[in-house]
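Asks: Would you be able to build a 3D model of this:
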Amino acid sequence: MEKFKQVSKMKGNGFYFSYNVDKENIEYGISKILFQILKNKKDIVIVSLGVDTVIGDCLGPLVGSMLKRNGIKNVYGTLDKTVNMSNISKILNEIHEKFNEPYILVVDAAISSEDNVNNIILKNGGFEPGIKSNNGKRVSIGDLSLVGVVWREDYKRYNLLTLLEQCDFEDVLRLARAISKILILTFLRLKKEGLYYGF
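Replies: So this is what the prediction gives:
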């Protein structure tokens, strides 16, 4: 396996990190970056987007369920209770009613170019789900995005749903486990340093 090496694209205050899930020590490497981003944030909330009925789109709910099983609180979106475009507005309203200044970290699956398949992407700014909201507009959700690229784009022949259905569940599960470990390692370190109380 390739050793973990930080690769990033910076533009102004923005950042974009992309790593293949099979890189050695990827979970520890991304966790270190994520810790630096989150250490000064209060009320960190994780929103794991997706549905449990489509292979490629179940990455978010898988991660949410894994985090809940490990005792992490402030997690929205699990296999039992998914968060998707049909209920995201309601969930965001609930979050803003519960927390004064929530910092929302979005976990979701993505389709990208073939060389990005099985990559984990960490970027600042909200995530734009591939499916539009009920009013036909794309929405940007959250403050920080942690995304697993589950399949390659081929929009000339297939729509998004078809592409997500073609994914290999083992690949999706591998990405979900890696993303969960990244988040758990990050929150354990935040807790150790007295910066996070979400356990």
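
Asks: What's the per-residue pLDDT of the residue lying closest to Y103 once chain neighbours are set aside here?
Replies: What sits nearest to Y103 in space, not counting adjacent residues and going by CB to CB, 6 or more residues apart in numbering, is K41, at 4.2 Å. (Each C-beta comes from the backbone N, C-alpha and C, glycine too.) Model confidence at K41, given as pLDDT, is 93.

Asks: how many other residues sit next to K41?
Replies: Counted with other CB atoms under 10 Å, residues neighbouring K41 total 17.

Asks: residues touching the most centrally placed residue in the chain, list them.
Replies: The centre of the chain sits closest to V107, judged by CA atoms, centre = their mean, with a distance of 1.8 Å. For V107, the contact set (CB atoms under 8 Å, 6 or more residues apart in numbering) comprises 46-49, 59-60, 63-64, 77, 145-148, 179, 183.

Asks: bridging residues for it?
Replies: Beta-bridge pairing for V107 (DSSP bridges): S48, L146.

Asks: Return the helix or strand in the chain with minimum mean pLDDT.
Replies: Least confident helix or strand of the chain, by mean pLDDT, DSSP states H and E, is strand 8-11 with a mean of 51.

Asks: Beyond that one, next helix or strand please.
Replies: strand 14-20 (DSSP states H and E).

Asks: helices and strands around the very next helix or strand once past that following strand, which ones?
Replies: Next helix or strand after strand 14-20 toward the C-terminus (DSSP H and E): helix 26-38. Judged by 3 or more CB pairs under 8 Å, 6 or more residues apart in numbering; DSSP states H and E, the packing partners of helix 26-38 are strand 14-20, strand 119-124, helix 169-192.

Asks: How far does the first one sit from its chain's centre?
Replies: Averaging C-alpha coordinates over strand 14-20 and over its chain gives two centres that are 13 Å apart (CA atoms, centre = their mean, to the nearest Å).
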